[in-house]
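Colleague: sequence? don't have it. structure:
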């Protein structure tokens, strides 16, 4: 989009970037993910280790985001640090996250806080995680304690990052080829924990987990609403732009498989966080591959930033809550393609705003190159390059491109 085609964003529009605790902080040894990464066998390409050392370098990260021109910073707080043993809460960890939030405010960044970004404490996983009936109560207790210490500094919050992630994971491995490897990893984690079970959130069975996750979201929301603070509490979903192809296509069936009861849950949230990266083409029997010759990102899926417009419209029609784009981005080593992707995604946001849709933010994933779960460090989503040996941060041209738009407030 040319400069002449851009318009002023709505008043109070949030421009920002996102990181998560486990993917950037490093040394998260008390979490389920850390154990999964370090047992043998494992489905992780490599362990997270020091990640980006953001646990110690958060002030530098916040300063970079502010200097680039953003006004919002989406971060996670790590349950495994705050409650390292069941019922034992760390005031030092809570004080750390309070300093992070204070640093955001000092640099003019509104902090949007994710209370759970895929990881849980190791002790929680070893007792059955969200597969057991009291799992939601323990998560709500954590939310209550965290809010009591941090709530007055929070601008926006969400319970679970991509609450429907287990549905997406199930769709991606419907052929069952990785089930055995996952089971072997979780069995090794259980043995290492001295337990007969180990329920890691990303790999837990949907039928046992989802009802408890829904209750956990509701209970945690109530705990967060109790304050202090009067921040809105939203729900983020992983949203694919599902496009039906041909007669008798099964697009609606795929939509139901992807979202299940979370569409209804989102209708009671203060806002919906839309997190979109690509589209899914659905034929009469199954998902279809990307069109022949389509550009693929470094993560292996189709380069299709227009998907964001599709999911915003879907959210507006099916859910009807205020919409925040809480993740949008691309894994690539060619930063010119990142700029092109962001520009095209923002064009979709502009179109949706012009259609009267209530969109309040564009938050890019991610501020930093970081740990990408089972795929390790091979895929770079960051606006800021990170040297994983020295931890040196170097903003890319895409960071300045998006930051300039944020500073001028045009979209």
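Modeller: Cool, the structure landed. The structure presented is a predicted model; accordingly, all values stated were derived computationally and were not measured. Numbering: from 1, shown residues only.
Colleague: Run through the helices of the stretch 251-400 of the chain in chain order.
Modeller: Taking DSSP state H, counting those that start in this stretch as the criterion, the stretch 251-400 of the chain contains helices spanning 251-259, 262-266, 307-318, 335-354, 397-408.
Colleague: I'd like to know which of the ones you listed lies nearest to residue 200.
Modeller: helix 262-266 (19.9 Å; Cβ to Cβ). Where you see a C-beta, it was placed from the backbone N, CA and C, and this is true even at glycine.
Colleague: how about the closest one: buried residues?
Modeller: 262-263, 265-266 (16 or more other Cβ atoms under 10 Å).
Colleague: what does stretch 396-410 give?
Modeller: 396, 398-399, 401-403, 405-406, 409-410.
Colleague: out of those residues, who's nearest residue 38?
Modeller: residue 396 (30.8 Å).
Colleague: Next, format the buried residues of helix 262-266 as TSV and append pLDDT.
Modeller: TSV is the format used below for the buried residues of helix 262-266 (pLDDT from 0 to 100):
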residue	pLDDT
262	98
263	98
265	98
266	98
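Colleague: Looking at the host helix or strand of residue 36 now, give me its mean pLDDT.
Modeller: Per DSSP states H and E: residue 36 is located in helix 32-38. Taken as a whole, helix 32-38 has an average pLDDT of 98.
Colleague: Give me the packing partners of it, helices and strands only.
Modeller: Helix 32-38 sits against helix 122-126, helix 179-193, with contacts defined as 3 or more Cβ pairs under 8 Å, 6 or more residues apart in numbering; DSSP states H and E.
Colleague: Now tell me what touches stretch 50-60 from outside.
Modeller: Residues outside stretch 50-60 that contact it (Cβ atoms under 8 Å, 6 or more residues apart in numbering): 19, 22-28, 61, 96, 99-100, 103, 368-371, 386, 388, 391, 393.
Colleague: Same check on stretch 196-204?
Modeller: So stretch 196-204 is in contact with 32-33, 35-36, 116, 118-120, 125-132, 165-166, 169, 182, 185-187, 189-190, 209, 373, going by Cβ under 8 Å, 6+ apart.
Colleague: Now stretch 362-381: buried residues?
Modeller: 362-374, 377, 379-381.
Colleague: Restricted to strands, list the residues you listed.
Modeller: 362-365 (DSSP state E).
Colleague: Excluding its own residues, what touches stretch 219-232? List them.
Modeller: So stretch 219-232 is in contact with 115, 136-137, 139-144, 147-148, 151-157, 159, 233, 269-271, going by Cβ under 8 Å, 6+ apart.
Colleague: again, 7 Å this time
Modeller: 115, 136-137, 139-140, 143-144, 147, 151-152, 154-157, 159, 233, 270-271 (Cβ atoms under 7 Å, 6 or more residues apart in numbering).
Colleague: do the same with stretch 17-25
Modeller: Here stretch 17-25 makes contact (Cβ under 7 Å, 6+ apart) with 28, 31, 33, 48, 51-52, 54-55, 65, 70, 73-78, 114, 117, 119, 161, 326-327, 363-368, 370-371, 383.
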